[in-house]
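Participant: Next comes the sequence, and after it the predicted model I'd like to discuss.
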Amino acid sequence: LVNIQTDLKCNINVVHAEGWKRRDWFDATGCEWLDPSPNMRSLVQANIYPGPAQLEFTNVSVGRGTATPFQLFGAPWLDHFKFVDALQAMNLPGIGFVPRTFKPAASKFAGDECKGVELIVTNRETFLPVQTGVAMAIALRKVAPRQWEMARWQTLLCHKETFDAVEQGARLQDVVKLWEPALQKFKNDRKNVLLYR
C-alpha cells in the first residue's frame, strides 16, 4: 500500500501464507505461540495490547512486571471501584473489568501496590481494543483528573483530535466519530492490496 501511495517503485516479493483467512485467529493455525515480546506472552495479551498500551507513557502501570502484562492496569493513586464504574457505564463490547490490586515486580511502580482493573475479554470477535483504550483515558479523566498526567498519552496516541476531545470531556461515541472519515478512507485505499480475504 505504501509502495503504491508514495510511488516508491520498490520491487516487493511477498510470500503468502497458505490456507490462512483474514478472519482466522492465531489459535486456529495449530502453530506454537512464540512471544513476540517479553511482555506479550499470550494471544489474549496480544489482543488487549492496543488498548491499555497506548496509555503507558502516562503515570499508570499497564501490568509490566506482573505475570499478566496488559491484562492488568492501574496506579497507586487510582480509585479502582470508581474507575470500573466509569468503564462499565460506557457499555464497551466484548470486554469486562474487575477491580484488582497488584504489585509490579519491575517497570513502572515496581514494588508499589497499584489499584486498578483486570481486563477480561468476553467476546474477542466484538472487542475493540483501541476504542477500549480511549474509553480508559476518558474514565481516568473523569475519576482522577488531577492525578492522571494525560499529556504524555499523545506520545503513543498520535491523534490530536482525540486527545483534545478527551481533555475537553467528550463522550466516547463522539470521540469515535472523529476517526470515521480517515478510517473509511483507509479501508477504501487498502481494498486492492489486501493479500488475504
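Facilitator: That came in fine, so what should we check first?
Participant: Now do the end-to-end distance for stretch 187-197.
Facilitator: 13 Å (Cα to Cα, to the nearest Å).
Participant: now stretch 137-149
Facilitator: Terminal-residue distance, stretch 137-149 (Cα to Cα): 11 Å.
Participant: Kindly report the same for stretch 4-13.
Facilitator: 14 Å.
Participant: since we're on the residue nearest to Pro50 when sequence neighbours are not counted, how many residues are nearby?
Facilitator: In space, not counting the residues next to it along the chain, Pro50 is nearest to Pro129; the distance is 4.1 Å by Cβ to Cβ, 6 or more residues apart in numbering. Backbone N, C-alpha and C define where each C-beta goes, glycine included. A total of 22 residues lie near Pro129 under the criterion other Cβ atoms under 10 Å.
Participant: Pro129: what's it in contact with?
Facilitator: The neighbours of Pro129, taking Cβ atoms under 8 Å, 6 or more residues apart in numbering as the test, are 47-51.
Participant: can you tell me which residue is nearest the centre of this protein?
Facilitator: For the chain, the residue nearest the mean C-alpha position is Gly51 (1.4 Å; Cα atoms, centre = their mean).
Participant: ok, so what distance separates the residue nearest to Pro50 from Arg197?
Facilitator: 23 Å (Cβ to Cβ, to the nearest Å).
Participant: Same check on Lys82?
Facilitator: Lys82 is 44 Å from Arg197, by Cβ to Cβ.
Participant: Val62 now?
Facilitator: From Val62 to Arg197 the distance is 34 Å (Cβ to Cβ).
Participant: Looking at the two now, which is surrounded by more residues?
Facilitator: Higher neighbour count among Val62 and Arg197: Val62, with 28 against 6, using other Cβ under 10 Å.
Participant: correct me, but that one touches Thr68?
Facilitator: No - counting by Cβ atoms under 8 Å, Val62 sits too far from Thr68 to count as a contact (10.6 Å).
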